[in-house]
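Peer 1: structure, please.
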Amino acid sequence: MMEVLALTVAEFCQRAKIGKTLFYAEVAAGNIRIIKRGKKTEAFPEGRKTLVPASELARYAGLQEAA
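Peer 2: Modelled structure (predicted):
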């Protein structure tokens, strides 16, 4: 089985049980780091994507528990 290195915004929100509005607020606050991929490439044929490193899910969960 392949290790997941990045999640889409929708996947991250579903796993973290947060909405997109909160997601982007947390990104703006610096609590979630994202990776932006530009226009269409072979690796991302579906077009522009905002990805979240999979490690951010555990880091974000830790921030929420500490709060």
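Peer 1: could you check how far the residue nearest the centre of the chain is from residue 10?
Peer 2: In the chain, the residue lying closest to the centroid (Cα atoms, centre = their mean) is residue 52, at 2.7 Å. According to Cβ to Cβ, to the nearest Å, residue 52 stands 10 Å off from residue 10. To be clear about C-beta, it is placed using only N, CA and C from the backbone, and glycine gets the same treatment.
Peer 1: sorry, back to before: give me the phi and psi for the residue nearest to the centre of the chain.
Peer 2: Backbone geometry at residue 52, expressed as degrees, to the nearest 10, gives phi -120, psi 120.
Peer 1: low-confidence bits of the chain, can you list those?
Peer 2: The chain contains residues with pLDDT under 70 at 1-2, 38-48.
Peer 1: let's see that with 90 instead.
Peer 2: 1-11, 33-52, 54-55, 57-67 (pLDDT under 90).
Peer 1: for it, which segments count as strands?
Peer 2: Per DSSP state E, the chain carries strands over the ranges 6-8, 35-37, 49-53.
Peer 1: contacting residues around the first one?
Peer 2: Where contact means Cβ atoms under 8 Å, 6 or more residues apart in numbering, the residues beyond strand 6-8 that reach it are 15, 35, 49-54, 57.
Peer 1: residue 13 is in contact with residue 20, correct?
Peer 2: Yes: between residue 20 and residue 13 there is a contact under Cβ atoms under 8 Å: 5.8 Å.
Peer 1: looking at the two, which is more packed in?
Peer 2: Taking neighbours as other Cβ atoms under 10 Å, residue 20 and residue 13 compare with residue 13 leading, 18 against 11.
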